[in-house]
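Visitor: Please find the sequence and the predicted model below.
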Amino acid sequence: MAGDYMEEEAITNINVTPLVDVMLVLLIIFMVTANFITRHEMGLDLPNAKTGTAAEKSMYEFVIDAKEQLSLNGVPVSMANVSEEIAKIQSQSPGDMPTAVIAADKVVKHGVFVELLDVLRENNVPIAIQVEASP
């Protein structure tokens, strides 16, 4: 009975389609949750407003934290470089000007906030201020 056994063939290929599917789903989940994670890590204490309304998606999301450090779309930037960064974004997507959304902590000095407003106005960028809805 030496000739009756079945020879097992070696696996010479691996189907990677399920692996790619799982990785794409994980990538999408990461991309969706990354924005929420960074905002909560910054620990902003936004002021309350009774008249606040929902804003459109913006290509310019400025954050001024309690230490008065400025970031644009999650990347730290100095006040002197804001005009350059706006020019870069505008060159990547010419057309209508998106609104700049500014989120500033309650303890930020008024002068820092006004300085950012001035730079945005000099570059003709529409401005919206992010606040928390009052209960």
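Guide: Ah, there it is.
Visitor: residue contacts, the residue nearest to Asn124 when sequence neighbours are not counted?
Guide: In space, and not counting its chain neighbours, Asn124 is closest to Met97: 6.7 Å by CB to CB, 6 or more residues apart in numbering. Every residue, glycine included, has its C-beta placed from N, CA and C. Met97 sits next to Gln90, Asn124, Val125, Pro126 when contact means CB atoms under 8 Å, 6 or more residues apart in numbering.
Visitor: Make a ChimeraX selection of the buried ones in these.
Guide: Those of these that count as buried under 16 or more other CB atoms under 10 Å are selected in ChimeraX with:
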select :90,125
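Visitor: Look at Ala103 and say how many residues are nearby.
Guide: Ala103 has 20 neighbours, counted by other CB atoms under 10 Å.
Visitor: Output the lowest mean pLDDT helix or strand found in the chain.
Guide: Sorting the helices and strands of the chain by mean pLDDT, DSSP states H and E puts strand 48-49 at the bottom, at a mean of 60.
Visitor: Would you verify that the residue nearest to Asn124 is located in a strand?
Guide: No: Met97 is assigned coil when assessed by DSSP: H, G, I helix; E, B strand; the rest coil, not a strand.
Visitor: Look up how far Ile89 lies from it.
Guide: Look at Met97 and Ile89: by CB to CB, to the nearest Å, they are 10 Å apart.
Visitor: Nothing else from me, thank you.
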